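Engineer: Just need the structure, nothing else, for what follows:
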Amino acid sequence: MCVGIPAKVLSLKGDVALVDSNGAKKQISSELISDLIPGDYVMVHAGSAIAKITSGDDSETDSLLEDL
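Structural biologist: Next comes the predicted model:
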């Protein structure tokens with residue numbers, strides 16, 4: 001099983017995205033997703049954006065992680 005963390009894309013420079021996940025900002029690879037723009041939400045695994053998600057998915061995941 002793999003664990004992905006939801007994050008909001010803040011900016012892009014080439015294949016590198018700056019994302020915010022619950023206040024933690026980090027740079028990740030965005031080369032797997034070609035149509036990202038700032039404001040999009042992504043699932044991050046092993047330092048890479050692996051899928052686009054909705055802001056609702058992000059909120060639901062945050063709520064589940066808080067419960068743990």
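
Engineer: Quick check: A51 touching Y41?
Structural biologist: No: counting by C-beta atoms under 8 Å, A51 does not reach Y41; the two are 9.6 Å apart. Using the backbone N, CA and C atoms, a C-beta is placed for each residue, glycine as well.

Engineer: out of those two, which sits in the more crowded spot?
Structural biologist: Y41 (22 against 14; other C-beta atoms under 10 Å).

Engineer: just the helices in the chain please.
Structural biologist: 55-67 (DSSP state H).

Engineer: where along this protein do the strands fall?
Structural biologist: Ranges of strands in the chain, per DSSP state E, are 5-13, 16-21, 24-29, 41-45, 48-53.

Engineer: With respect to burial, which of those strands scores highest?
Structural biologist: Across these, averaging neighbours per residue (mean count of other C-beta atoms under 10 Å) puts strand 41-45 on top, at a mean of 21.

Engineer: Dump it to CSV, restricted to CA.
Structural biologist: Coordinates of the C-alpha atoms in strand 41-45 are reproduced here as CSV (Å, rounded to 0.1, in the frame of the first residue of the first chain):
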residue,chain,number,x,y,z
TYR,A,41,-4.7,20.1,-5.9
VAL,A,42,-2.5,17.0,-6.3
MET,A,43,-1.8,13.7,-4.5
VAL,A,44,1.9,13.6,-3.6
HIS,A,45,3.8,10.3,-3.1
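
Engineer: Now do the same contact list for S48.
Structural biologist: For S48, the contact set (C-beta atoms under 8 Å, 6 or more residues apart in numbering) comprises 28-32.

Engineer: next one: V44
Structural biologist: By C-beta under 8 Å, 6+ apart, the neighbours of V44 are 4-7, 19, 21, 28, 50.

Engineer: any idea which of these is closest to G56?
Structural biologist: Of all the contacts of V44, the one sitting nearest G56 is P6; the distance, using C-beta to C-beta, is 10.3 Å.

Engineer: Thank you, goodbye.
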